[in-house]
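# Sequence first, then the predicted structure, then my questions.
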Amino acid sequence: MRTPQIATLLASVALLALTGCTSEPESDAEPTPVATTPTASPTTTGAADAAGVPPEPTGDKRVIYLATLNGIDPEIVNGNDDKAISRGRDQCAAMKDEKDPTKRVAQVEQRFIGPDHPNGFGPNKSALILATVQANICPTY
């Protein structure tokens, strides 16, 4: 019973990844003018960019990211959208220099926890979470 659900979820994540890749250049084009404005925000954004932390997903990307995580297991988001997004952004920063897929999944298991999953959601769900993070928050990592 789980195999068809996992296969369906993986297909959905793959579709989202492809959709994310085609819409990503538009997102990159918008922040450029903002970065040239001398305010405190670009300095903060610059520091976050230097640390490998991507910007928060907005609009459809945010909705898709949170819906996909809820589809994997509702306890991942657990009603706290901002925390789920923060964990995804932190995961992107952590895996910017980590290329080993097994270690990336292990990072997700440590980072994404819930009340009934204090040790993470296991390797299968963690791999799905990782795919969701990559597809929606940091597709170039």
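Cool, the structure landed.
# Every contact and neighbour count from this point should use C-alpha atoms.
Fine.
# in this structure, what secondary structure element scores lowest on mean pLDDT?
helix 31-35 (a mean of 38; mean pLDDT, DSSP states H and E).
# buried stuff in stretch 85-100?
Applying a neighbour-count criterion of 16 or more other CA atoms under 10 Å, the buried positions in stretch 85-100 are I85, R87, G88, R89, D90, Q91, C92, A93, A94, M95.
# quick one: contacts of it?
Here stretch 85-100 makes contact (CA atoms under 8 Å, 6 or more residues apart in numbering) with 51-57, 66, 104, 107-108, 111-112, 133-134, 137-138, 141.
# Buried ones only from those, please, as a ChimeraX command.
Under the burial definition 16+ other CA under 10 Å, those of the contacts of stretch 85-100 that qualify are selected in ChimeraX by:
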select :52,53,54,57,66,104,107,108,111,112,133,134,137,138
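# In helices only, show me the contacts of stretch 85-100.
L66, R104, Q107, V108, R111, V133, Q134 (DSSP state H).
# tell me the SS of the residue nearest to the third one when sequence neighbours are not counted?
Yep, that's Q107 we're talking about. Spatial nearest neighbour of Q107, excluding adjacent residues (CA to CA, 6 or more residues apart in numbering): Q91 at 7.4 Å. Taking DSSP: H, G, I helix; E, B strand; the rest coil as the rule, one finds Q91 in the helix state.
# And the pLDDT at Q91?
Here the pLDDT value assigned to Q91 is 96.
# now D60
96.
# Same question for V53.
Reported pLDDT for V53: 88.
# dump the residue contacts of it.
Contact analysis of V53 by CA under 8 Å, 6+ apart lists R89, D90, C92, A93.
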